[in-house]
Structure formats: structure tokens, C-alpha cells
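Asker: Requesting a structural model of the entry that follows:
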Amino acid sequence: MIPTMKNKALCFLTILAISLSIANAQTRLTYKSYSIGGTDTSYTEVLVKGSQARIQSGDKPAENPIPGIAKHFTYIDYKLDTIISQLSYNIDENYYCGYPIQENQNFKEEGNEKINGYRCTKYSIVLFSNKIEIWTTQDLKLRATPIASFANLPGVLVKYLRNGNAVVELASAAKDKSINNIFPTYFGEPKTSSELNQMEKDKLVITLPIFNEDQICFNPKLEKPTAFLYDSVYHVANGTVILKKIDLTLLPEHYQIFAEVTEYSNGDAYDRTGSIFLIPGNLPLSMVEAFRDSVEVLPYFTDKNGNKYQGMITTPIYQPPIELMRFFTPFGVRHYNQYRSLQDQDWAEQVVYKQDISELRPLLQGNVYIGAFIGNYDGGGHKLSLTLKAYPESDTWTFSDSTFEMALPLFNTCNVMEMAGQNYGTFFRTDSLTVDFFVPYHCKELKLRYITTGHGGWDSGDEFVPKPNTILIDGVQKYVYTPWRTDCGTYRTSNPASGNFWNGLSSSDYSRSGWCPGTATQPVYFDLTGLEPGEHTMTIAIPQGEPEGGSFSAWNVSGILIGTFEKVEQ
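Answerer: Okay, the predicted model is just below:
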């Protein structure tokens, strides 16, 4: 017996205790979804018994599914005007939300047509700038739809067309006496609709927290660590670098990997260079030894003036830190918000930088060190959080059997050990940067991932003067690129401690050589496909400005060779 309920929107909360007297019609409807002109087709099944229906995938489950994938069921009870969405992860982990069938008065009835042999009524509506056309039939003498948001329409949905391209249509309808229990006896843990949607996304994303509001500041009294244990945060380079040793699982090519950084001032008022970097754990010599011992253990080169530049280019036994992201702190966000006001706007509480680093997937595996650097001499410094997130684009955990990817670090002049004695990249004034590299056989695609920013904070310093970066391969000019950002004023609300000038501009507004306070600098890419297999040289030349008084210009450039190669059977 069905209990009387004044509010049908709450019927789903008691549905487990309800015994319905319904007709015994048992029908299996199969729908196919495709794009006109496309090649991919997916299937959805709708099982119907009387006034109840269950919507479920009709596609064969993946043989090797990705982590966190769920079975998604939607239940409709037309008698109780109720829809229930359920996520099922296993027999003991299920979640659901229930809501009433929504009445929609905006459908326009457009007459009758015959579609796929059924006599249909056509409806249309515009939703979120999309034109939706729907055909339903009463011929089957039941109600069913593969799209729960249209459950209020009468009869059976026969065809759905969005913007004249995306199609969902009834492929078959058959009686099926094996259909008995449309609804489960237990739906699982109740959630709101937004909680359920977010949970489904979150469980598909592989999330790896690295740092959590860890302090990066100048502290010359810190003792150097003698060893680096897994999953422990170490403060090195006099506190201006945080470092963590982790073990990364190699991800399939269809996963997009992002670095997500959150930063705010813990006392430092200035815009500072920041870098998120990775150090492989399988080389005879790396920056890790320098963090433990001294920057002097690193290989170095000298410029024409005899200045040493430690750990900036790859050698047979050493690779420089692999830059995942270059970012720049704003002027004192959060810590200095209370000291100045901004008309008609509020200061930001923190800055978030999020960047796709999928192309570095070959390096994001095994035992590695992840580090974060912010150059500063402040005792309070900054607070930083870092999370790596990987988003799947396919429901299977598969790797390519025809190609492999390569990511080879070539150079990095961003001196992450600045506060422990590593020199600035000032050699471009008299010299260029040259590094040797090797192109393997069977190369399908090859490119240079290049990050460049100019520094020298006075009027004629390279921070404020456009300078061309010339890239030569084997001594021949290949590319010329001039980094320049003209949108720095966009980020004014993140820069409370920025200097304000007589002309109405703030220091944070000024255009700069490839960066703005409070932003990440995007890599640029140079196509090197077609280089012959074997040894080559790459040279970076920049017309760095002359020093003025006690100030000098410098360039932070990092380069990683990225390639795709055919797998060849031995």
C-alpha cells in the first residue's frame, strides 16, 4: 500500500519501504548515441516495468578500467514523480540523490511526424543556447526516456537531436520477461545532486598532494638534511626551497596531468621568481646532492669574465632541475591586504596557478624529488601548496603499443639555489648558452619546450625591455622569440603591496619580459621535427643589457626536448 505524502518531492526518501501495485509490462529499450558524420556510437538501455524505469549503460564495460570509475544508474518512478540517480562503485559503496520530475512549460509542440516507424509528437526547446528537438510516441503504451531531464514528456522518447548534430535515438524495443526488480532494495548513502556530481568527478581524478601551506622563507640557521626520506617535506637552500621525495606511477597517454599551486604572502611584500621543479632519482649526480652538501658539487661552466654558473646544463652524469612550472608571486597578497584599499574591488586572499604538464609525463614516474622555489630574503616569506592532478580522457587503463614519449631536460638557468650561492643567469651579456643533445632514431615529432623570463628591475633593465631570444641548432638560426606580457594590469587585485605611481599606474601593471606579478609563465614550443638522428647542439643567445650601478639584468631560461618515437621490434 502506498502511504499518503503531501510532498511528492520527498517520496524517494521512503521508496525502500514502498510496495507498488503496478502493471506487469516488461520492456527493454536500447538507444544509440552518435554525432552525424562521426564514427563513435554508444548505447544506453532503459528497462521498464509498469510505471518504473531504470536507465543504464548498454556498452560493454572496459576490460581494464581506470581507477574510480562507477556504474551510473538512473531510476524513474512515474507514479511517484520521482527520479533517483545512483553511483555504484562496488557492492558495498553506493551513493544516490533523489528529486522530483521537473515540469517544464517551455517545450514547444510542433506537430506529428513518423520517426523510425513510430507515430510521434515533436517538441522543441532552447536550453543554454542549444536547440533541442525531441520526438516521443504513444505507440508502445508506456513511458520511458534515456535522458532523465526529459522524463516529464509523455510516452517514449524515440529521437533526440541537439543542434542538428548530436543524436540519441531508439534502436530497438522488445518485451523481456526477465526484467523483475527495477529498483534495488538499497540505494546507498544519500547525497545532494551537486555532491553526487562532484563525487563522480573527484573519484575519476588521480590527486597527489605534495605540499600543503608549507613555508618558503629565508632562514640561514637551518641545518642541511643528511638524507631525504619518502613523503617528508625538507626545507633547503636556506629555507627558500621545499623538497619532497615521492614515488610516481606512470600514467597512460590519455591522462591530462596538471600542476596546481596556491600561494600567498607570509610577510614578503615583493614579486618573486618561483619555480616548481622535478629531479629524477636515478642519476649519479643531481641537485639533491647540492641541497645536501653544497652548490659547489655541481658541474659548472664559466663565462668570458670567469664567472661560474653551477648546475644549469645537462651533462653525461647530470641533469638540471626539470621545470614543471615558472610562476611569479604577486606583491604581498593576503599579508598586506589590510594596509591598502582598492576602490570598488577586494584584494585576493591567495593566487592559484594551474598548468597542464602532460607533455612531461615520461619524467613523472618512479622515484623523483618534487621541489618548489621562491627567491626571497624575508623571514616570513610565503606559504605554498602544490597538488598534482591527472584527469582521464578514456575509461580504459591502456598504454600505446606503437609509440613512446621522451622528455629530455637540456638547460635551466632559473637558479633555485640562489640563496645558497648559485649564480644568476647573467652570462648572456657576453656569452650564449650551448648544450649538446642526441636525437634518437624513428622520431615522429620533436619540439623544444621553452620557458623564458627577463629580469632587471629598473627602467632600462631587461625586466622592462623586450629582448629577442634566438635559438640556433648546430650553429644555424632556427627561431627568434621575444617574450613580452602586456596584460599585467589584469592582476591588480592580487598585488596589495605594489608601488603606486603619480600617473595612476601600479608597479604590477607594467608590461614585462614574459611574466606578470601573480601569474605563471606559459611555455612556448619550437618545432624541431626533421632533425637527423644523432648528435646536435642547441644555442640560446639573448642581448642582455649592461649593469647599472649595483643592479644587473639576468635571464631565466629552461628548455626540455619533447619527442614521440615509433616503437621498433628488436
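Asker: quick one: the strands in the stretch 401-550 of the chain?
Answerer: Taking DSSP state E, counting those that start in this stretch as the test, the strands found in the stretch 401-550 of the chain are 403-412, 433-439, 443-455, 469-473, 476-481, 520-521, 524-527, 534-541.
Asker: Also the stretch 51-200 of the chain?
Answerer: For the stretch 51-200 of the chain, the strands defined by DSSP E, counting those that start in this stretch occupy 52-57, 71-77, 82-90, 93-100, 108-115, 118-127, 130-137, 156-162, 166-175, 189-190.
Asker: what angle sits between the fifth one and strand 166-175?
Answerer: In this case it means strand 108-115. Per axes from the mean of the first three to the mean of the last three C-alpha atoms, to 10 degrees, the angle that strand 108-115 makes with strand 166-175 is 60 degrees.
Asker: One more: the third one?
Answerer: Using the same axes, to 10 degrees, the inter-axis angle of strand 82-90 relative to strand 166-175 is 90 degrees.
Asker: Any idea how far strand 82-90 is from the middle of the chain?
Answerer: Using C-alpha atoms, centre = their mean, to the nearest Å, the mean C-alpha position of strand 82-90 is found 27 Å from that of the whole chain.
Asker: which helices and strands does it pack with?
Answerer: Here strand 82-90 touches strand 71-77, strand 93-100, helix 193-204, going by 3 or more C-beta pairs under 8 Å, 6 or more residues apart in numbering; DSSP states H and E. Bear in mind the C-beta positions are built from the backbone N, C-alpha and C, glycine included.
Asker: Within its sheet, name the partner strands of that strand and how each one runs.
Answerer: Applying DSSP bridges, strand 82-90 is found paired with strand 71-77 (antiparallel), strand 93-100 (antiparallel).
Asker: right, so of those, which gets closest to residue 358?
Answerer: Closest to residue 358 of the strands paired with strand 82-90 is strand 71-77 (C-beta to C-beta; 26.4 Å).
Asker: For the closest one, C-alpha coordinates in PDB please.
Answerer: Output of strand 71-77 as PDB, limited to C-alpha atoms (Å, rounded to 0.1, in the frame of the first residue of the first chain):
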ATOM      1  CA  LYS A  71      28.400   2.300 -12.800                       C
ATOM      2  CA  HIS A  72      25.800   5.100 -13.200                       C
ATOM      3  CA  PHE A  73      22.100   4.200 -12.800                       C
ATOM      4  CA  THR A  74      19.100   6.400 -13.100                       C
ATOM      5  CA  TYR A  75      15.700   5.300 -11.700                       C
ATOM      6  CA  ILE A  76      12.400   6.900 -12.600                       C
ATOM      7  CA  ASP A  77       9.100   6.200 -10.900                       C
END
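Asker: From the rest of the structure, what touches that strand?
Answerer: Outside of strand 71-77, the residues within contact range by C-beta atoms under 8 Å, 6 or more residues apart in numbering are 11, 15, 20, 51-57, 82-89, 101, 145, 148, 151, 182-183, 200.
Asker: can you do 7 Å?
Answerer: Contact with strand 71-77 is made by 51-56, 83-88, 148, 151, 183, as judged by C-beta atoms under 7 Å, 6 or more residues apart in numbering.
Asker: which two from those residues end up farthest apart in space?
Answerer: 51 and 87 (23.9 Å).
Asker: Which one's more surrounded, these two?
Answerer: Taking other C-beta atoms under 10 Å, residue 51 and residue 87 do not tie; residue 87 has more neighbours (21 against 18).
Asker: which of the strands of the stretch 401-550 of the chain is buried the deepest?
Answerer: Here the criterion is mean neighbour count by mean count of other C-beta atoms under 10 Å, and of the strands of the stretch 401-550 of the chain the winner is strand 520-521, at a mean of 24.
Asker: who does it touch, helix- and strand-wise?
Answerer: Using 3 or more C-beta pairs under 7 Å, 6 or more residues apart in numbering; DSSP states H and E, the elements in contact with strand 520-521 are strand 322-328.
Asker: partners of the strand it packs on in the sheet?
Answerer: Applying DSSP bridges, strand 322-328 is found paired with strand 273-280 (antiparallel), strand 520-521 (antiparallel).
Asker: circling back: who wins for neighbours among the contacts of strand 71-77?
Answerer: Among those, residue 53 has the most neighbours (other C-beta under 10 Å), with 27 neighbours.
Asker: Can you verify my assumption that that one contacts residue 147?
Answerer: No. Checked against C-beta atoms under 7 Å, the pair residue 53 and residue 147 is beyond contact range at 11.8 Å.
Asker: This protein - how does it break down into domains?
Answerer: According to automatic domain parsing, the chain comprises the domains 8-199, 205-566.
Asker: Format those domains as JSON lines; extra columns: mean pLDDT.
Answerer: Converted to JSON lines, the domains of the chain look like this (pLDDT from 0 to 100):
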{"stretch": "domain 8-199", "mean pLDDT": "89"}
{"stretch": "domain 205-566", "mean pLDDT": "96"}
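Asker: Tell me which of those domains sits most buried.
Answerer: Most buried of these, by mean neighbour count (mean count of other C-beta under 10 Å): domain 205-566, with a mean of 18.
Asker: which ones are touching residue 216?
Answerer: 239-240, 242, 372, 374, 381-382, 384.
Asker: I'd like the strands of the stretch 51-200 of the chain laid out as CSV, including distance to residue 552.
Answerer: What follows is the strands of the stretch 51-200 of the chain, written out as CSV (distance: least, C-beta to C-beta, whole Å):
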stretch, distance to residue 552
strand 52-57, 63
strand 71-77, 60
strand 82-90, 58
strand 93-100, 59
strand 108-115, 70
strand 118-127, 59
strand 130-137, 57
strand 156-162, 59
strand 166-175, 58
strand 189-190, 61
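Asker: if we can go back for a sec, out of the strands paired with strand 322-328, which comes closest to residue 415?
Answerer: Ranking these by distance to residue 415, with C-beta to C-beta as the measure, places strand 273-280 first at 8.8 Å.
Asker: How about residues contacting the closest one?
Answerer: 259, 261, 286-288, 319, 321-329, 363, 368-375, 386, 414, 416, 556.
Asker: how far is that strand from where the chain is centred?
Answerer: On C-alpha atoms, centre = their mean, the centre of strand 273-280 falls 17 Å from the chain's centre.
Asker: Show the subsequent helix or strand relative to it.
Answerer: Once the chain leaves strand 273-280, the next helix or strand it forms, by DSSP states H and E, is helix 287-292.
Asker: Now that following helix - C-alpha only, PDB.
Answerer: Output of helix 287-292 as PDB, limited to C-alpha atoms (Å, rounded to 0.1, in the frame of the first residue of the first chain):
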ATOM      1  CA  MET A 287      70.700  19.000  -7.500                       C
ATOM      2  CA  VAL A 288      69.800  16.800  -4.500                       C
ATOM      3  CA  GLU A 289      73.500  16.400  -3.700                       C
ATOM      4  CA  ALA A 290      73.900  20.100  -3.800                       C
ATOM      5  CA  PHE A 291      71.000  20.600  -1.400                       C
ATOM      6  CA  ARG A 292      72.600  18.100   1.000                       C
END
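Asker: how about the nearest residue to residue 491 once chain neighbours are set aside, what does it touch?
Answerer: Distances taken as C-beta to C-beta, 6 or more residues apart in numbering place residue 518 nearest to residue 491, at 4.2 Å, with adjacent residues excluded. The contact partners of residue 518, taken as C-beta under 7 Å, 6+ apart, are 328, 330, 351, 491, 494-495.
Asker: Residue 27 too?
Answerer: Residue 27 neighbours (C-beta under 7 Å, 6+ apart): 48, 142, 173, 175-176.
Asker: Could you check how far it is from residue 469?
Answerer: 67 Å (C-beta to C-beta, to the nearest Å).
Asker: Check residue 208 too.
Answerer: To residue 469, residue 208 is 33 Å away according to C-beta to C-beta.
Asker: before we move on, what about residue 63?
Answerer: Note on residue 63: its distance to residue 469, by C-beta to C-beta, is 48 Å.
Asker: Could you export the strands of the stretch 401-550 of the chain as JSON lines, including distance to residue 510?
Answerer: JSON lines is the format used below for the strands of the stretch 401-550 of the chain (distance: least, C-beta to C-beta, whole Å):
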{"stretch": "strand 403-412", "distance to residue 510": "26"}
{"stretch": "strand 433-439", "distance to residue 510": "27"}
{"stretch": "strand 443-455", "distance to residue 510": "13"}
{"stretch": "strand 469-473", "distance to residue 510": "20"}
{"stretch": "strand 476-481", "distance to residue 510": "21"}
{"stretch": "strand 520-521", "distance to residue 510": "16"}
{"stretch": "strand 524-527", "distance to residue 510": "21"}
{"stretch": "strand 534-541", "distance to residue 510": "25"}
